[in-house]
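S.K.: Here is a sequence together with a model predicted from it:
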Amino acid sequence: MTLYTLDDIIKNIVKSALINFVFALFCALFGAIYEIFSHEVYSYFMIYAFAIPLVMGTAFYILILRFAKRKPERISVSFWNMAIATLTFGSIFKGVIDIYGTTNRLIIVYPVAAAVLVVFAIASYLMQREKQEEAIVEVV
């Protein structure tokens, strides 16, 4: 079992926040370019796909760094980032489907998978918290 210091955990969170910010910029640029070539057919899923990594990623991690007493470890951050990526790609895919003018029943997979990943992220954070508290009790 590898133990990480608080500095390692904070660096990982800051790195994830920056990556999500760059990902949000890429999604905004991709959506803008796609809308230019969409023959004036628009989809809110495509237009606002950048908001998912911006809010769930960058803003959330900034709030975690500022207000959380216990920082999430890598496994929780990884599950959370997978949920962000799943929702973002699902939103972009839904936007492409809307602009193309068709439907797809399998689009429901993206929010369901993202919800499962969010549950895993929260569960791993809560288990990490219990382990840290047990370790503190054992040391004392």
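M.R.: Received, thanks. Numbering: from 1, shown residues only.
S.K.: was I right about residue 50 contacting residue 24?
M.R.: Yes - counting by CB atoms under 8 Å, residue 24 is a contact partner of residue 50 at 4.6 Å. Placement of C-beta: from N, CA and C, glycine included.
S.K.: Got the phi and psi for the nearest residue to residue 98 once chain neighbours are set aside?
M.R.: Spatial nearest neighbour of residue 98, chain neighbours left out: residue 43 (3.8 Å); criterion: CB to CB, 6 or more residues apart in numbering. Residue 43 adopts backbone torsions of phi -140, psi 130, taken as degrees, to the nearest 10.
S.K.: so what's residue 43 scoring on pLDDT?
M.R.: Note for residue 43: predicted pLDDT of 91.
S.K.: Contacts only, for it.
M.R.: Contact analysis of residue 43 by CB atoms under 8 Å, 6 or more residues apart in numbering lists 94-96, 98-99.
S.K.: Show me which of those residues is closest to residue 17.
M.R.: residue 95 (24.7 Å; CB to CB).
S.K.: residues near that closest one, how many?
M.R.: A count of nearby residues for residue 95, using other CB atoms under 10 Å, gives 23.
S.K.: in which helix or strand would I find it?
M.R.: According to DSSP states H and E, residue 95 maps onto helix 74-100.
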